[in-house]
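1. let me see the structure of the following:
(one chain, ligands or ions: 2)
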Amino acid sequence: MSSLPFVSLSDKAVAVPLNPVRPTVQYPGPGETAKTQVRGWSAVNRPADQPAHDPARLRASYERGPLTEQGVPADPLALFTAWFEDVVAEGLSEPNAMVLATAAADGAPNARTVLLKGYSPAGFRFFTNFTSAKGLELAENPRAALVFPWHARARQVRVTGPVERLPEAESAAYFRTRPYGSRLGAWASEHQSSVISGRDELERRYTEVASQWPEPDNLDDDADAVPLPAFWGGYRVVPATIEFWQGRPNRLHDRIRYSRPLPSGRWKAERLSP
Ligand SMILES: Cc1cc2nc3c(=O)[nH]c(=O)nc-3n(C[C@H](O)[C@H](O)[C@H](O)COP(=O)(O)O)c2cc1C
Ligand SMILES: Cc1ncc(COP(=O)(O)O)c(C=O)c1O
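-> Ligands and ions are numbered 1, 2, ... in the order given. Prediction:
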């Protein structure tokens, strides 16, 4: 197997149009400082087989904050609510997207994005396929970590803790609220994360389940049109720690981590070194 070329910059700068219609954030090319950048264009060395931007040069200073021990509430869920409301109000795309990390019994880590579908002191809930990689990993090792990457506010929230399957009635209640097509989609992707022959296989299966459970004409009957698959439902990550990260200048970020020894215990807040 040949190794991928590492980004290396030659001496010759080439002006590459990025998107003249909608200028993007500009980053320095070789020998330049940010001040020499022209909006809508970036001077980068870009041999045809190399990426247009060198990620090593991409960085922003985080100027928001602060987050102080005195300024945070005793209950981390109250702070989570405030931050979640901020990103929703700001119009951030996918504010409820979170990275879910799991590990198999042998310790091999895995991570993917899922949507937060509710939170309370009992946990942060999401819905998925029980036979997916995450489902199998959680069956072997029912612990997880979550990351909310709220870059638009220079904020990050991390949650760790044990994971529990939601009662079936709760999964069924949530499933009924999903759009008809998404409910069929869950059936069509019964073996989530298994290899399939092609897109056709997926669409054929979707057509099959659509004819098995047709969309009712009457909207009142819609929620019951598609049954809950036995292989689909929710989990909750019961928070043992919740860390709030606020980006600050010079990488001296504010980090407050709440932890509790037991789900019934009192939260303790501590500042962590950035
Ligand atoms: C923004 C976003 C939201 C997603 N939300 C979910 C979700 O709520 N549930 C889910 O099963 N997969 C969701 N996915 C797909 C997962 O990231 C992943 O591809 C899939 O669940 C298979 O994961 P696995 O490796 O655990 O089998 C989402 C992907 C993105 C990019
Ligand atoms: C495979 C899969 N399952 C479930 C979800 C959660 O979606 P919904 O909001 O329809 O419940 C998503 C969202 O992207 C998804 O991709």
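
2. in the stretch 51-200 of the chain, what residue lies closest to ligand 2?
-> Ser182 (4.1 Å; C-beta to the nearest ligand atom). Any C-beta I mention is one placed from the backbone N, CA and C, and that applies to glycine too.

3. burial of that residue, as a residue count?
-> By other C-beta atoms under 10 Å, the residues close to Ser182 number 11.

4. so it: helix, strand or coil?
-> helix (DSSP: H, G, I helix; E, B strand; the rest coil).

5. helix, strand, or coil at the spatially most central residue of the chain?
-> With distances taken as C-alpha atoms, centre = their mean, Met98 lies nearest the centre of the chain, 2.8 Å away. Met98 falls in the strand class when you classify it by three-state DSSP.

6. which residues touch it?
-> Shown in contact with Met98 (C-beta atoms under 8 Å, 6 or more residues apart in numbering): Thr113, Val114, Leu115, Leu116, Phe124, Phe126, Leu146, Val147, Phe148.

7. what about the strands in this protein?
-> For the chain, the strands defined by DSSP state E cover 14-17, 41-44, 97-103, 109-115, 119-120, 123-129, 143-150, 155-165, 232-237, 241-246, 254-259, 268-271.

8. TSV for these, including distance to ligand 2?
-> Output for the strands of the chain, formatted as TSV (distance: least, C-beta to the nearest ligand atom, whole Å):
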stretch	distance to ligand 2
strand 14-17	33
strand 41-44	32
strand 97-103	8
strand 109-115	5
strand 119-120	15
strand 123-129	6
strand 143-150	15
strand 155-165	16
strand 232-237	8
strand 241-246	22
strand 254-259	27
strand 268-271	32
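
9. sorry, back to before: pairing partners for the residue nearest to the centre of the chain in the sheet, please.
-> Met98 forms beta bridges with Val114, as assigned by DSSP bridges.

10. ditto for the one 4 residues further on
-> Listed beta-bridge partners, Thr102: Asn110 (assigned using DSSP bridges).

11. now do the contacts for Thr128.
-> Val114, Lys134, Gly135, Gln192, Trp232, Gly233, Gly234, Tyr235.

12. pick out whichever of those residues sits closest to Ala152.
-> Val114 (19.6 Å; C-beta to C-beta).

13. for Glu94, which non-adjacent residue is closest in space?
-> Leu115 (7.6 Å; C-beta to C-beta, 6 or more residues apart in numbering).

14. ok so, going back, buried ones among the contacts of Thr128?
-> For these, a neighbour count by 16 or more other C-beta atoms under 10 Å gives the buried set as Val114, Lys134, Gly135, Gln192, Trp232, Gly233, Gly234, Tyr235.

15. let me know whether the first one touches Asn129 as I believe.
-> No - with contact defined as C-beta atoms under 8 Å, Val114 does not count as touching Asn129 (10.9 Å).

16. break the protein into its domains for me.
-> Here the domain assignment for the chain is 1-59, 76-271, based on automatic domain parsing.
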